[in-house]
Structures are given as C-alpha cells and as structure tokens.
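*Asks:* structure for the following, please:
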Amino acid sequence: MGKKRIAVAMGGYSSEFEISINSGDVVCNALDKNKYEVYPVHILEEGWYFVANNGTKHPVNRADFSFDNGTETIRPDAIFNTIHGTPGEDGYLQAYWELLKIPHTSTDYYSAALSFNKRDCLSVLKNFGIRAANSYYINKGGEINVEEIVKKTGLPCFVKPNRSGSSFGISKVNEMDGMMPAIEKAFTEDTEIIIETALVGTEVSVGVYNKGEEIIALPITEIVSENEFFDYEAKYLGKSQEITPARISEEETEMVQKEAVRIYKLLNMKGITRSEFILEKGKPYFLEINTNPGLSTESIVPKQAREAGMTLTEFFDILIQNVLK
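*Replies:* This next block holds a predicted model:
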C-alpha cells in the first residue's frame, strides 16, 4: 500500500480566509509524512489551486477535484477540511465532495448547513430540551419593533449576524437607543440576524470528535475576554485569555462535556466540532457549535488535544483514519 494522498482544503470565501490558511498550514505540517502525501489546496473566490512547496499554483479540476502536481494528476484519497465559513463550513463543499465520493474530515453537508445557521440550529436543539438564551430573529426587509425585541430578550442583549463565523458584525446592546445601529451593523454581514439575551456567567468552549464509533469530549477551555465579550479582537488579536483546563468544578466539567456530546449526537455530527456555552448559575447554556474550528497552534481545539495528552500529529491522524475506508 502506497501512502494515502490527503488534500488539505483551506481558505474559503469569507472574512476568515486568512485564519483558515493558518489552520491549513498547521495541519499540513503536523500530518505524518510517513503515512500521507500532503497537498495544500487553496479554495478562494479567485480560484481553486494546489499550491506546491515552491509556491507554484496548479488549478483544481472541479469535475473530480483532481490537480496536477507537476509530474502527474493527483486525485486525493481524502480531504482534510480546514475552511472556516463559506463554502467549507456551511455544507456547500461537503455536498460537492459527497457527490464526488471523496471522503472528508468534516461533518456531512446537512449537519454543516444546519449548524451554520444559528437560528435553525437553536430551533432544533431547543425542541430536544437544550438550554439556550432567549432569542429574537429578523430577516432583512422585515419589520423592526425595538420594544418587542427588548420584551423578548431584555437588556443587555447581543445582536449577531445569523450566519457568520468569527464574531464579525456582533454588538452588545445595553440601552434601547443602541439597538438600531447594532441591527444595521449585523445586516452588513448577513440578511438574517439573531438577537439574544446576554447570559451572565463563565464562557467555556469544548471540542468533541469521533474516533470510529466512539464520541469523545476534549478538556474544556474557559474564555476570559478583556473586551466586553468574546469578539473578533478578543479571538484573534489576543484580547482574551483562554484557560485550559477551565477553572470550573468537576461536576460542571462533566455536565458541559455531556451536553456537548449530546448536541454532537442530536445534530448527527462527524469529525471535530467545538461548542460554546455559558455556565450561568451552574447550568450550561448553549451558544453555538463550529464544525470546522480553528486548528492553528494557538487555537482552542489544538490546546485541548494537547491537554488530553495527544500531539497534533496523533489527533489529526484520528480524524483522517475515521474517513479512510
């Protein structure tokens, strides 16, 4: 048996493409070169390319996701998907790869699409008794009644684009007169927005992955933001402390991990996901789930994997072995 050919897909069409390129580079470097031939593939709005070590770009043939490596045509045995945002986290590429019958490390297209839409995801999970903040939804062009919103969510509340990763376009609203500017800001990122009660408590984040049939929760990270909330600056510009393992009790740790595994199963997830919760009065309230969480060395999931005693090489190997038949 020769080495398996793994394309590491990175980039994407959203404001997060640079962050995704970082994640992809980390995966390329960490994968076991004795087992895998690794091909970085940049999927960007201006084109899809395999990028060789010397920087030359070879276009991807979208009919079968093959590309030339300079000497032969490569069709990957599997894809390691590290794209945050569209089209790699919202189901588009998953559906395409599933049509081409190329296994990929992310969850299936429907679970990806459902979880990418916070509104729809919360609606499904609330029916299963998952705790979450009170929320109010607006579509662009819909009527906006500030009093009605505040009656449902109270103040302070968060105004968020419904389908954006990385905390772009989010505002915290403390006073009635802050509501309209916040709504306008969120509409610059998405045509659907979600307004939620601001929960007060400890914010935690937990990775969950499958190893074959087994579903495993990683150690929990506590997020302490210097800003008023965990926004883009806090996430990527070092304005937050991420403490792994979280400074919470054993009971709370177990409760959060159980809830994260339950959500993973309810949404029929595969691969690695990362769920965010706020622990308010000792109970976890679900915020959101990411199906392609950041994998750069400073990202939360890699820290959790190391805390669990794995190297990134071992951890990424599990994710690929899950899908190689």
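
*Asks:* quick one: contacts for the residue nearest to residue 22 when sequence neighbours are not counted?
*Replies:* Distances taken as C-beta to C-beta, 6 or more residues apart in numbering place residue 296 nearest to residue 22, at 4.0 Å, with adjacent residues excluded. C-beta here means a position set from N, CA and C on the backbone, and glycine is covered the same way. Contacts here follow C-beta atoms under 8 Å, 6 or more residues apart in numbering; on that basis residue 296 touches 19, 22, 23, 25, 26, 302.

*Asks:* could you redo the last one with a cut-off of 10 Å?
*Replies:* By C-beta atoms under 10 Å, 6 or more residues apart in numbering, the contact set of residue 296 is 19, 20, 21, 22, 23, 24, 25, 26, 27, 82, 236, 302.

*Asks:* for the third one, what are its contacts?
*Replies:* With contacts defined as C-beta under 10 Å, 6+ apart, residue 21 is in contact with 10, 11, 12, 40, 42, 44, 51, 82, 83, 296.

*Asks:* could you rerun that using 7 Å?
*Replies:* Residues counted as contacts of residue 21 (C-beta atoms under 7 Å, 6 or more residues apart in numbering) are 10, 11.

*Asks:* equivalent analysis for the fifth one, please.
*Replies:* Contact analysis of residue 23 by C-beta under 7 Å, 6+ apart lists 10, 82, 294, 295, 296, 299.

*Asks:* assign it to helix, strand or coil.
*Replies:* helix (DSSP: H, G, I helix; E, B strand; the rest coil).

*Asks:* quick check: pLDDT value at it.
*Replies:* The predicted local confidence for residue 23 comes out at a pLDDT of 96.

*Asks:* separation between it and residue 69?
*Replies:* 22 Å (C-beta to C-beta, to the nearest Å).

*Asks:* same check, this time on the second one
*Replies:* Distance check for residue 20 against residue 69: by C-beta to C-beta, it reads 22 Å.

*Asks:* who has more neighbours out of the two?
*Replies:* Ranked by neighbour count (other C-beta atoms under 10 Å), residue 20 and residue 69 place residue 20 first, with 29 against 14.

*Asks:* neighbouring contacts of stretch 283-290?
*Replies:* Residues contacting stretch 283-290 (C-beta under 7 Å, 6+ apart): 115, 118, 121, 125, 130-133, 165, 199, 255-256, 259, 263, 273-278.

*Asks:* list buried residues within the residues you listed.
*Replies:* By neighbour count, with 16 or more other C-beta atoms under 10 Å, the contacts of stretch 283-290 hold 115, 118, 121, 125, 130, 132-133, 165, 199, 255-256, 259, 263, 273-278 as buried.

*Asks:* restricted to helices, list those.
*Replies:* Among these, the ones falling in helices (DSSP state H) are 115, 118, 121, 125, 255, 256, 259, 263.

*Asks:* got those residues as CSV, with distance to residue 313 and pLDDT columns?
*Replies:* Below are those laid out as CSV (distance: C-beta to C-beta, whole Å; pLDDT from 0 to 100):
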residue, distance to residue 313, pLDDT
115, 27, 96
118, 33, 90
121, 32, 96
125, 34, 97
255, 31, 98
256, 27, 98
259, 30, 98
263, 28, 98
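
*Asks:* report pLDDT for the most centrally placed residue in the chain.
*Replies:* Centroid-nearest residue in the chain, with C-alpha atoms, centre = their mean: residue 290, separated by 2.7 Å. Note on residue 290: pLDDT of 95.

*Asks:* can you list the domains in this protein?
*Replies:* When the chain is parsed with automatic domain parsing, its domains come out as 4-106, 135-197, 200-291.

*Asks:* can you report phi and psi for the residue nearest to the centre of the chain?
*Replies:* phi -110, psi 130 (degrees, to the nearest 10).

*Asks:* surely residue 194 and residue 134 touch.
*Replies:* No - assessed by C-beta atoms under 7 Å, residue 194 is found out of contact with residue 134, at 10.9 Å.

*Asks:* ok, these two, which is more surrounded?
*Replies:* residue 194 (23 against 12).

*Asks:* give the contact list for the more buried one.
*Replies:* 118, 119, 135, 137, 160, 162.
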